[in-house]
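# Pasting the sequence and the predicted coordinates here, then a few questions.
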Amino acid sequence: MADAPRFKKDYPGKQITLRQDAPEDRCGLFIAGATARIDRRVKARDTMLGPWSLPGDQDAWWLRLNLRCPHCGHTHEAFVPEAWIAQGLIVFLDEE
């Protein structure tokens, strides 16, 4: 395990482990214990696709995660609240 990067701009590209299932996971792969890579930080309102948007405050920051599917080989994405870092629900992994 590693500490979270000092600057939020350094989050993208970091590998993490989730300690709770992602609330906005449409593929069912982003479960507790899953390892994923942070793609980028986004505000909830910037993710709106038609009528669908992330829940809660539209000014809240979320992290878009990527994970290569072990079944189909494609990259899937999910969103988790950035606040999970302070709550200990996201664990940063050491760079290898």
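In hand now; what should we look at?
# quick one: the strands in this structure?
15-18, 35-43, 61-68, 75-81, 90-92 (DSSP state E).
# Please produce a markdown table containing those strands, extended by distance to residue 55 and mean pLDDT.
For every residue, glycine as well, the C-beta is placed using N, CA and C. Shown next, in a markdown table, are those (distance: least, C-beta to C-beta, whole Å; pLDDT from 0 to 100):
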| stretch | distance to residue 55 | mean pLDDT |
| --- | --- | --- |
| strand 15-18 | 17 | 95 |
| strand 35-43 | 13 | 94 |
| strand 61-68 | 10 | 92 |
| strand 75-81 | 9 | 91 |
| strand 90-92 | 18 | 95 |
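# got TSV for those strands, with mean neighbour count and distance to residue 27 too?
Below are those laid out as TSV (neighbours: other C-beta atoms under 10 Å; distance: least, C-beta to C-beta, whole Å):
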stretch	mean neighbour count	distance to residue 27
strand 15-18	19	14
strand 35-43	17	11
strand 61-68	19	8
strand 75-81	20	4
strand 90-92	19	19
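# Quick one: closest of those strands to residue 25.
strand 75-81 (4.0 Å; C-beta to C-beta).
# which residues sit against the closest one?
Under the contact criterion C-beta atoms under 8 Å, 6 or more residues apart in numbering, strand 75-81 has outside partners 18, 22-27, 29-30, 36, 39, 42, 47, 54, 56, 60-69, 89-90.
# Residue 9: which of the strands of the chain is closest?
strand 35-43 (8.2 Å).
# so what strands line up beside the closest one?
strand 15-18 (antiparallel), strand 61-68 (antiparallel) (DSSP bridges).
# mind giving me a markdown table with those strands and columns for distance to residue 95?
Output for those, formatted as a markdown table (distance: least, C-beta to C-beta, whole Å):
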| stretch | distance to residue 95 |
| --- | --- |
| strand 15-18 | 8 |
| strand 61-68 | 17 |
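# who's in contact with the closest residue to residue 90 other than its chain neighbours?
Leaving out its chain neighbours, the residue that sits closest to residue 90 by C-beta to C-beta, 6 or more residues apart in numbering is residue 84, at 4.7 Å. With contact taken as C-beta under 8 Å, 6+ apart, residue 84 is in contact with 20, 63, 90.
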